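Visitor: Just to be clear, the model below is a prediction. Sequence and coordinates:
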Amino acid sequence: DALPSSSSSSSSQAANGTGVVDDGAGSQAQGRERVVSLGSFSKIMAPGMRLGWMEAAPNLLQLLCKDGVLNSGGSIAPLASGIAHSCLELGLLQQHLHQVIKPSLAAGCSAVCEALRREMPSCSFQQPLGGYFVWVQLPQEVCAEELLQLATAKHSVRFVPGRACEGLRHMARLSFSFYRPQELQEGVRRLAAALTDYLAGERHAE
């Protein structure tokens, strides 16, 4: 019954044996000669900051820096790069993380978990220590894809079925990174209503 990671990481391996890890916040490449770790400022600065970075051993970074996309014109996304550079140089990113991002995510996570305990006691979950998602184990007889169709059509709430991100058939991944706590609790209330309908035999909205 192990739950998938609550982070948004994924990985792949190139033909030459080099691993690429897309883990949002970076840091997976430390001490690994053949691993490139990808991070994104959209996860730690602002959703609209579509800018990222790579971490890798020096020899791998030297090869990547020779690419024409990087060495002709200064950089990718000069304006976004300049904003991110200034935030890092002035120490504003750490302040933003501790005063805005972490409290916001913690409040969203608490709101979802409190609502799950209250509204969906037949389901189980582990309250994550970080990340952006709560993984919920629905009753064994539930197909999350079918529940999603009913929840969307009848109750106007959505989630990601477990099998869409390497989870099980009866699992659901709930995001708490975007909506406010009261909206998240309302979303769980709607999901609970959809689950009640599903367990009563309903599969499609009227």
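Guide: Everything's here; your move. Numbers count the residues shown, from 1 in each chain.
Visitor: any residues touching the helix or strand hosting Ser42, and which ones?
Guide: If you go by DSSP states H and E, Ser42 is part of helix 41-44. Contacts with helix 41-44, where a contact means C-beta atoms under 8 Å, 6 or more residues apart in numbering, come from 8, 24-25, 48-53, 80, 84, 93, 97, 101, 132. From N, CA and C alone the C-beta is placed, and that goes for glycine too.
Visitor: next SSE after that helix?
Guide: Note on helix 41-44: by DSSP H and E, the next helix or strand toward the C-terminus is strand 52-55.
Visitor: Of all the residues in that following strand, which ones are buried?
Guide: Buried residues in strand 52-55, counting neighbours by 16 or more other C-beta atoms under 10 Å, are found at Gly52, Glu55.
Visitor: Which helix or strand lies directly C-terminal to that strand?
Guide: Going down the chain from strand 52-55, the next helix or strand is helix 58-65, by DSSP H and E.
Visitor: Report the mean confidence score over that following helix.
Guide: In this model, helix 58-65 has a mean pLDDT of 86.
Visitor: tally of neighbours for Gly130?
Guide: Counted with other C-beta atoms under 10 Å, residues neighbouring Gly130 total 11.
Visitor: which SS class is it?
Guide: Applying DSSP: H, G, I helix; E, B strand; the rest coil to Gly130 yields a three-state assignment of coil.
Visitor: Phi first, then psi, for it.
Guide: For Gly130, the backbone dihedrals are phi -170, psi -170 (criterion: degrees, to the nearest 10).
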